[in-house]
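Sequence unavailable; structure follows:
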Ligand SMILES: Cc1cc2nc3c(=O)[nH]c(=O)nc-3n(C[C@H](O)[C@H](O)[C@H](O)COP(=O)(O)OP(=O)(O)OC[C@H]3O[C@@H](n4cnc5c(N)ncnc54)[C@H](O)[C@@H]3O)c2cc1C
């Protein structure tokens, strides 16, 4: 079947594209063409067995599934079982390890105190009072006005500088919505009732989502190279960068990006946890991932372990990870969204299309909603584009 016979074309096979394609094929019974420019499906959730150690890992950064959305949980469980992994984050500051987000252990350990939970709020309020900041003008002042200067300097300043590539006093206060600190020793990173890592990895989910005779997946195929071969009245679900879709006519949306450096070490367990943050600015990486800890149920017997250093850097729509946001980008985004709304047969979504950070469960929730819109709008023959 040539490309022009497909009335439904999904661009991108990450969670957004794969879920829409699955629903279109399975629920709506339509043939779907999925175009993926990479050599694998799954977008940034792609996972593989590491060639040397056999340890299963996520090549675009550690992904922990967590949700409070029952519909999403029931949907995803049709395609995988999860292990019982619960995420915990630790951070290293001046060669000492602390719990994150800041909790009672972090505070007591950092200050050398033995505060009780009911004493924490007063203690933090006193620390904040010493700063004299009442009307924070930037990220630094806002963070300091939430936890006080010592905790900010130790755990937030260096990490944020590395993450955003500029000192926090030059970042807008709006970037920081909240800075959670816990008055207990609770070290769970997420509070969602459903959490875990897919037992067979994320890639097995995508294989199942797309395993339908009505779905044709074309890897190594960039939408922009074959766009002219598609039917003029095809309904296109685009999950790539939004500015690229319109040839950047309103300007480029800004992205932060990541680089990863893999290393195999001759020890069974390097850091005792799956993700260790590095809070200090003089350490060039932001985190070290050790994926063997994501699968406590697996019997990894090798005496070696895989570690992955994560570096934050400026990105572009060629390697986008985190939307930068802010007034300038929001204004550009608005213009592109108007362009999208003018085209009845075009649906845009996902983290790149919506220029929004979505967790996986949010991506799936929006994809399920978008599928229903597509189905409702195209019940009859799609209108010409
Ligand atoms: C470092 C990092 C860690 C994360 N950790 C977590 C976590 O722990 N838990 C969690 O819930 N979420 C996490 N997320 C979020 C998660 O990655 C996203 O929710 C999810 O990947 C979004 O899926 P998507 O389909 O929108 O985008 P993507 O996964 O990026 O998929 C888009 C796909 O479109 C393809 N594409 C783009 N343009 C074209 C084109 N022109 N032609 C053909 N194909 C194209 C791309 O190659 C890609 O495969 C993390 C994100 C990052 C960046």
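In hand now; what should we look at? What you are looking at is a predicted structure, and each value in this text was computed from that prediction instead of being measured.

what about residue 237, which SS state?
Three-state assignment for residue 237 (DSSP: H, G, I helix; E, B strand; the rest coil): strand.

Also residue 232?
coil.

before we move on, what about residue 327?
Per three-state DSSP, the local secondary structure of residue 327 is helix.

Likewise for the one 4 residues further on?
Local secondary structure at residue 331 is given as helix here, using three-state DSSP.

do the one 4 residues further on as well
Reducing the assignment to helix, strand or coil with three-state DSSP, the entry for residue 335 is helix.

Next up, the contacts around it.
Neighbouring residues of residue 335 by CB atoms under 8 Å, 6 or more residues apart in numbering: residue 250. Any C-beta I mention is one placed from the backbone N, CA and C, and that applies to glycine too.

Can you give me the distance of it to residue 240?
Counting by CB to CB, to the nearest Å, the separation of residue 335 from residue 240 is 17 Å.

ditto for residue 362
Counting by CB to CB, the gap from residue 362 to residue 240 is 18 Å.

more crowded one of these two?
Neighbours were counted for residue 362 and for residue 240 using other CB atoms under 10 Å; residue 240 has more, 22 against 17.

pLDDT score assigned to that one?
On pLDDT, residue 240 comes in at 97.

how close does it get to residue 269?
For residue 240 relative to residue 269 (CB to CB), the value is 39 Å.

And residue 56, by the same measure?
16 Å.

Comparing these two, which residue is more hemmed in?
Remark: of residue 56 and residue 269, residue 56 carries more neighbours, 23 against 12, as counted by other CB under 10 Å.

For the ligand, see how far away the closest residue to residue 251 other than its chain neighbours is.
Counting by CB to CB, 6 or more residues apart in numbering, residue 332 is the residue found nearest to residue 251 once chain neighbours are left out, at 4.8 Å. Per CB to the nearest ligand atom, to the nearest Å, residue 332 is found 18 Å from the ligand.

Next one, pLDDT for residue 332 please.
pLDDT, residue 332: 98.

how many neighbours does it have?
Residue 332: 19 neighbours (other CB under 10 Å).

On the three-state scheme, the closest residue to the ligand within the stretch 151-300 of the chain is what?
Residue of the stretch 151-300 of the chain nearest the ligand, by CB to the nearest ligand atom: residue 240 (2.6 Å). The three-state assignment at residue 240 reads coil, by three-state DSSP.

what's the distance between it and residue 141?
37 Å.

what's the spacing between the helix or strand of the chain with the lowest mean pLDDT and its chain's center?
Sorting the helices and strands of the chain by mean pLDDT, DSSP states H and E puts strand 322-323 at the bottom, at a mean of 92. Here the centre of mass of C-alpha atoms in strand 322-323, compared against the chain's by CA atoms, centre = their mean, to the nearest Å, lies 9 Å away.

That one packs against which elements?
Counting contacts by 3 or more CB pairs under 8 Å, 6 or more residues apart in numbering; DSSP states H and E, strand 322-323 packs against strand 255-265.
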